[in-house]
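> Quick one: sequence plus predicted model below, questions after.
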Amino acid sequence: MEKSCTLLVHFDKGTPALANEIKEALEGNDVEAKIEAMKKAIMILLNGDTIPQLFITIIRYVLPSEDHTVQKLLLLYLEIIDKTDSRGKVLPEMILICQNLRNNLQSPNEYIRGVTLRFLCRLNEAEIVEPLIPSILANLEHRHPFVRRNAVSAVMSVYRLPQGEQLLVDAPEIIDRFLASEQDPSSKRNAFLMLFNCAQDRAVSYLFTHVDRIIDWAEQLQMVVLELIRKVCRVNKGEKGKYIKVIISLLNAQSSAVVYECANTLVSLSSAPTAIRAAANTYCQLLLSQSDNNVKLIVLDRINELKASHREILVELVMDVLRAVSSPNLDIRRKTLDIVLDLITPGNIDEVVMMLKKEVVKTQGAELEKNGEYRQMLVQAIYSCAVKFPAVASTVVHPLMDFLGDTNLASAMDVAIFVREIIETNPKLRVSIITRLLDTFYQIRTSRVCTYALWIIGEYCLSLSEVESGIATIKQCLGELPFYTASEESEAQDVSKNSQVVNSSTVSSRRPVVLADGTYATQSAALETAMSAPVLVQGSLASVGNLRSLILSGDFFLESVVACTLTKLVLRLDEVQPSKVEVNKATTQALLIMVSMLQLGQSSVLPHPIDNDSQDRIVLCIRTLCNKDEEVKKIWLKSCRESFVKMLEDKKLREIEESRAMAQISNAQPDDLIDFYHLKSRKGMSQLELEDEVQDDLKRATGEFVKDGDDANKLNRILQLTGFSDPVYAEAYVTVNHYDIVLDVTVINRTKGTLQNLCLELATMGDLKLVERPQNYTLAPESTKQIKANIKVSSTETGVIFGNIVYETSNVLERTVIVLNDIHIDIMDYISPSSCADVLFRTMWAEFEWENKVAISTVIKDEKDFLNHIVKATNMKCLTPPSALEGECGVLAANLYAKSVFGEDALVNVSVEKQADGKLSGYIRIRSKTQGIALSLGDKITLKQKGGP
């Protein structure tokens, strides 16, 4: 059986030493050889061998040695060896070491005394310790603090033995007197800890006797004081008012660790606004004063927890929290912005936005590695502020529009999306935004951002001057027509003939790509390469105008967007321009541009021809301008905007529903007791104590006091490990925490005989690790034993715990083994629904290398019911908006997303199609960065999808 070990020793694996070699070295006079031999003996013991033949040799030849290193190794050896027999009785030979220990406790060398006292803290055998008690107490008055410190620890360990109170009856009184006169900080800490564990009333009395000087105590003693306060207040909540005053006084301590623990203790004990405000201020000070990024992240987590229950207090400190963005670490910046965005109010929005604008400007100046990503985060934060408080949109939209030409595509796209929404929700800003957009349009260098900007120009250029400026800007960015000359086409044809054989495999190779809804499509590798970057193609004035360079790189989708934008502008010009000559002139120019783009797509100048979709859209635009029907004009100029407005309304409605769902709080039961504040006695209560009482009453009234989980849920977590007919019945209650699993195993002896050396042997599969093996027990007939086992979890994947119960009976020498049922740890305990932007989802989908593809096989007939069933079974969030899933077309595609407690992302795409016979078919694809999530989620979906919803 493996037992717990109280020491760690570095061990270089090599050839194990033989017992005879160690014995010879120990019997010699060479001190260095003895030291090496003792080290080897300790290593052998730590590896599980007992080597009993060495004990007498060590007693004879090592015990008398005066070398300090040998004596220290001797104590380590004595710490490891078994000191009792199988019945729990102390071995007779152990009496031989008592005299040596007494001599060590009276040694003139303080180091020998100290390490011996420390060794006595590890002893659990009262028979060995009892003769040494006078020597232990005598060391409390030793001149050296190292000895006194360990003497106090030894007194505490002796007093906590099963018979300790009889061995040291007056130990608390002795330590109380020692504490009153002691000056060494470590010794005082150990003494106070002894009183805290063994005589709590004396510790409390000492605390309040010296409460005025508590700020001057050493850091380690202050930490024990906080631990005492937490323990006392959990038992006696009525007295926490006076302890809270002690904690608030400790907030001025020099140690950051003490200050942090004070803040945590305040939050856990009190809901009084004064106490919470003090804790929040402390967190903010730590956030700015600490340089360690890990500390900052931990403090931000505490602030985030505080925000859930005391948002109104943190609102006052929002600017202090926001200063944490000065850290160069992106995780700290992201977490800070997430917290701040939840604390925005009409009173602080202006300050917050001003700070964010300053940070955006800073990202322009310094060329740091992560500036683009940080700028994107800031843009998203400003966008959220403007959506919540439209009044600030006018102050931020124009500075942000400078970043439409940003080289960071994600940041530029966020700005474009922001501008598109603001121009619709803030009609007063329409004219200034359009003017600014037309002035800066030529700076945009990426195709995706150009499409957003062109859509805005086509929809929101309403007046005559704006429409004319829009048409002129597009013409200027396209450059002179045609896009290529006849000589260039003939040169391109010659080049294509020469390279046709070389490129044939590239053009024909096809691979799947991910569309916006997460489904797959197929395109040629040549097309993908051409659309991946805006490479300039040599042609007439190819270097003039951003639209021209992008179109000449083979971006045909952009061509179709240009055509649609020109069509809208010309149709609107027809309404606002009284002169038909000007309208016809603009129409002719637009038609010329569209025809030129079609010719370019069908020519050999570009490496591949125009795709059918883009060609059809451009042809549709040409037909619309040639035949300006009123109904068609209404569709182009009004229906598109109406669809966009409906999309914004749906988005806002979803956000409101989510916020309402998060704001739901539990109500108190009708028969719960409520104390009325005005009927309370106020005698002898400070303002802080009064506030704390009031807040407790309010919590009780509104049902915020956390209650124990429902008994039915507890019963669901009990797993039967053995059968009812087995001689030993066992069942486990499984508690899954974030990073560990606790098994509380109940073992019942169902026989009439005593079971000896009963041991629960566990093993794990997957990324699970048993922290400590349970010890052996003796079970009386029909008795019960609770055995706890801790298992560490290191990643998100389904794990299995399996094992046996092994025991011996008094009549049979053989060991009996009962095999236990396997315990499967569900991945659902580690992942929670989360949300992310569509662009981020597609980026991660492209980057993640592990994919698990599950074929749909279910009895469910409706595709939406199937999607809801999968969402519920996988504990994920559907990112596809409900409006996109409306209608009955027999086909459904949706993206699901979840995040694990370890920060891992889980991406799922559901693609379903209803067959002619009414059955559903398709695939569910899971992608993740690690193999564990992909496989475990796939197994979960395969298991759950077959049943009904």
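Nice, I can see it. Residues are numbered from 1 along each chain as shown.

> Secondary structure element holding the nearest residue to residue 35 once chain neighbours are set aside?
If you skip the residues right next to it in sequence, residue 35 has residue 69 as its closest partner in space, 5.5 Å away by C-beta to C-beta, 6 or more residues apart in numbering. Where C-beta positions appear, they are placed from N, C-alpha and C, glycine not excepted. Here residue 69 is covered by helix 68-80, with elements defined by DSSP states H and E.

> Let me see the mean pLDDT of stretch 942-949.
The average pLDDT within stretch 942-949 is 68.

> Helices along the stretch 301-450 of the chain, start to end?
With DSSP state H, counting those that start in this stretch as the criterion, the stretch 301-450 of the chain has helices at 311-315, 318-322, 330-341, 349-365, 371-388, 393-401, 409-425, 430-440, 447-460.

> Give the other helices and strands that the longest one contacts.
The helices and strands touching helix 371-388, judged by 3 or more C-beta pairs under 8 Å, 6 or more residues apart in numbering; DSSP states H and E, are helix 330-341, helix 349-365, helix 393-401, helix 409-425.

> same check, this time on the third one
Contacting helix 330-341 under the criterion 3+ C-beta pairs under 8 Å, 6+ apart are the following elements: helix 293-309, helix 318-322, helix 371-388.

> quick one: that helix to helix 349-365, angle?
For helix 330-341 against helix 349-365, the angle between stretch directions is 160 degrees (axes from the mean of the first three to the mean of the last three C-alpha atoms, to 10 degrees).

> Would you mind writing the CA trace of helix 330-341 as PDB?
Output in PDB follows, covering the C-alpha atoms of helix 330-341 (Å, rounded to 0.1, in the frame of the first residue of the first chain):
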ATOM      1  CA  LEU A 330      -3.600  41.200 -24.300                       C
ATOM      2  CA  ASP A 331      -5.400  38.900 -21.800                       C
ATOM      3  CA  ILE A 332      -5.300  41.500 -19.100                       C
ATOM      4  CA  ARG A 333      -6.600  44.100 -21.600                       C
ATOM      5  CA  ARG A 334      -9.400  41.900 -22.900                       C
ATOM      6  CA  LYS A 335     -10.600  41.000 -19.400                       C
ATOM      7  CA  THR A 336     -10.400  44.600 -18.300                       C
ATOM      8  CA  LEU A 337     -12.500  45.800 -21.300                       C
ATOM      9  CA  ASP A 338     -15.100  43.100 -20.700                       C
ATOM     10  CA  ILE A 339     -15.500  44.200 -17.100                       C
ATOM     11  CA  VAL A 340     -15.700  47.900 -17.900                       C
ATOM     12  CA  LEU A 341     -18.300  47.500 -20.600                       C
END
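
> Next, the residues that contact it from outside, please.
Residues lying outside helix 330-341 but in contact with it, judged by C-beta atoms under 8 Å, 6 or more residues apart in numbering, are 293, 296-297, 300-301, 303-304, 307, 318, 321-322, 324-325, 327, 352, 370, 373-374, 377-378, 381, 384-385.

> which stretches of the stretch 801-949 of the chain have low pLDDT?
Residue ranges of the stretch 801-949 of the chain with pLDDT under 70: 811-813, 946-949.

> So which residues of it form helices?
Listed in chain order, the helices of the stretch 801-949 of the chain (DSSP H, counting those that start in this stretch) span 838-847, 863-874, 931-944.

> Export the ones you listed as TSV, with columns for distance to residue 768 and mean neighbour count.
TSV is the format used below for those (distance: least, C-beta to C-beta, whole Å; neighbours: other C-beta atoms under 10 Å):
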stretch	distance to residue 768	mean neighbour count
helix 838-847	27	15
helix 863-874	21	19
helix 931-944	11	20
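
> Switch those over to CSV; also include distance to residue 195.
Converted to CSV, the helices of the stretch 801-949 of the chain look like this (distance: least, C-beta to C-beta, whole Å):
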stretch, distance to residue 195
helix 838-847, 55
helix 863-874, 53
helix 931-944, 48
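
> and residue 655, which of the ones you listed is closest to it?
Using C-beta to C-beta as the criterion, the shortest distance between residue 655 and the helices of the stretch 801-949 of the chain is 15.6 Å, found for helix 838-847.

> elements contacting the closest one?
Secondary-structure packing of helix 838-847 (3+ C-beta pairs under 8 Å, 6+ apart): strand 510-514, strand 891-900, strand 905-914.

> Give me the below-cutoff pLDDT ranges for the stretch 451-600 of the chain.
Along the stretch 451-600 of the chain, the model assigns pLDDT under 70 to residues 486-544.

> what's the most buried one of the helices and strands packed on helix 330-341?
helix 371-388 (a mean of 21; mean count of other C-beta atoms under 10 Å).

> Name the residue closest to the centre of the chain, please.
residue 903 (4.2 Å; C-alpha atoms, centre = their mean).

> need the contact list for that residue.
Residue 903 sits next to no residue when contact means C-beta under 8 Å, 6+ apart.

> and if you look at residue 112?
Counting by C-beta under 8 Å, 6+ apart, residue 112 makes contact with 68, 71, 104.

> Most neighbours out of those, which is it?
Neighbour count (other C-beta atoms under 10 Å) singles out residue 104 as the most crowded of these, with 23 neighbours.

> Give me the average confidence score over the helix or strand harbouring it.
Element membership for residue 104 (DSSP H and E) is helix 95-105. Helix 95-105 shows a mean pLDDT of 82.

> list the helices and strands that helix packs on?
Contact partners of helix 95-105 among helices and strands, from 3+ C-beta pairs under 8 Å, 6+ apart: helix 110-120, helix 126-129, helix 133-138.

> For residue 435, which of those helices is the nearest?
Using C-beta to C-beta as the measure, helix 110-120 is the one of the helices and strands packed on helix 95-105 that comes nearest residue 435, at 79.2 Å.

> With respect to residue 52, which of the helices and strands packed on helix 95-105 lies nearest?
Short answer: helix 126-129, nearest of the helices and strands packed on helix 95-105 by C-beta to C-beta, at 18.0 Å.

> any idea which element the residue of the chain positioned farthest from its centre lies in?
The outermost residue of the chain relative to its centre, with distances by C-alpha atoms, centre = their mean, is residue 581 at 64.2 Å. Using DSSP H and E, residue 581 maps to helix 580-602.

> Fine by me, thanks again.
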